[in-house]
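Here's a sequence, model it:
(one chain, ligands or ions: 1)
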Amino acid sequence: MASLPEDPFKLRLMRPQDLAGVAAIQASSYHPHYLEDDATLAARLRECADTSWVAEGPGGLLGAYLVAYRSVLGKVTPLGAHFDPPPQPNCLYLHDLAVAAHAAGQGLGPALVRQALALARREGLACSALVSVQESQAFWRRLGYGAQALDDAQQQAHLASYPGVGVYMVQALGD
Ligand SMILES: CC(C)(COP(=O)(O)OP(=O)(O)OC[C@H]1O[C@@H](n2cnc3c(N)ncnc32)[C@H](O)[C@@H]1OP(=O)(O)O)[C@@H](O)C(=O)NCCC(=O)NCCS
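From the prediction side, this is the model:
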């Protein structure tokens with residue numbers, strides 16, 4: 001019987017030695033306004049070690065990563081600010097998903113999101129949320145997210161710290 005082809009990539013947790021590659025992917029994917037410096041990227045990894053993933057192939061990093069963290073529904077971290085993990089999270093917040101141009105179109109972005117949502121469901125988190133930037137709303141809608149208004153003025157101000165159009169998006173994680 002013919003053997004099945006191997007997966008073209010695997011997803012694994014991000015490690016400190018990945019950070020130079022992650023910075024390069026970020027620089028190639030985001031407008032300069034959104035770029036985080038090396039110290040911030042390292043701090044994100046320390047804060048989100050069990051909720052940050054990269055895609056890897058036989059030759060190393062494939063040009064895609066996702067940094068997420070546990071949060072509460074309706075809370076937005078201002079651009080560049082430290083995460084502030086709540087004692088009772090109910091939401092997995094996707095902070096930063098990036099796929100470099102050379103790795104686009106292979107499903108790496110959606111695969112990383114599915115990995116994060118599987119963890120959120122295992123932990124019983126009620127929802128996942130994010131701020132959509134760079135006209136990515138349609139991408140997120142296809143993955144089950146919908147725009148949601150923020151009622152709280154402080155959170156609206158945090159959202160406004162994102163240049164351009166930033167849209168708070170949420171999906172409920174039922175069974
Ligand atoms: C958005 C992004 C993560 C998509 O990653 P990706 O792995 O290349 O996604 P794919 O190519 O597998 O796309 C999956 C589907 O979404 C579509 N898609 C990709 N980017 C899209 C976008 N910005 N808007 C609408 N649809 C999009 C693709 O056409 C594809 O459709 P298909 O399944 O019919 O072929 C990637 O383009 C990226 O890193 N962009 C720059 C960083 C960014 O803006 N991140 C989001 C910040 S909130």
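
Backbone dihedrals for residue 28, both of them.
For residue 28, the backbone dihedrals are phi -90, psi -10 (criterion: degrees, to the nearest 10).

Quick check: it touching residue 101?
Yes - under the contact definition of C-beta atoms under 8 Å, residue 28 touches residue 101, with a separation of 6.4 Å. C-betas here are computed from N, CA, C, even on glycine.

Give me the more crowded residue out of those two.
It is residue 28, of residue 28 and residue 101, that has more neighbours when counted by other C-beta atoms under 10 Å, with 14 against 10.

and the more buried one, what does it touch?
Under the criterion of C-beta atoms under 8 Å, 6 or more residues apart in numbering, the neighbours of residue 28 are 100, 101.

again, only this time at 10 Å
By C-beta atoms under 10 Å, 6 or more residues apart in numbering, residue 28 lies in contact with 63, 98, 99, 100, 101, 102, 103.

any idea whether residue 12 is helix, strand or coil?
Reduced to three states with DSSP: H, G, I helix; E, B strand; the rest coil, the structure at residue 12 is strand.

Count the residues that sit near it.
Applying other C-beta under 10 Å, I find that residue 12 has 12 neighbouring residues.

cool, and residue 167?
Neighbouring residues of residue 167 were enumerated by other C-beta under 10 Å; the total is 19.

quick one: it and the ligand, what's the gap?
Counting by C-beta to the nearest ligand atom, to the nearest Å, the gap between residue 167 and the ligand amounts to 9 Å.

Taking the contacts of residue 28, tell me the two that lie furthest apart.
98 and 102 (12.3 Å; C-beta to C-beta).

joint contacts of those two?
The overlap between the contact sets of residue 98 and residue 102 (C-beta under 10 Å, 6+ apart) consists of 25, 28, 63.

related to what we said a few turns ago, which of residue 98 and residue 102 has more residues huddled nearby?
Under the criterion of other C-beta under 10 Å, the comparison of residue 98 against residue 102 puts residue 98 first, with 21 against 10.
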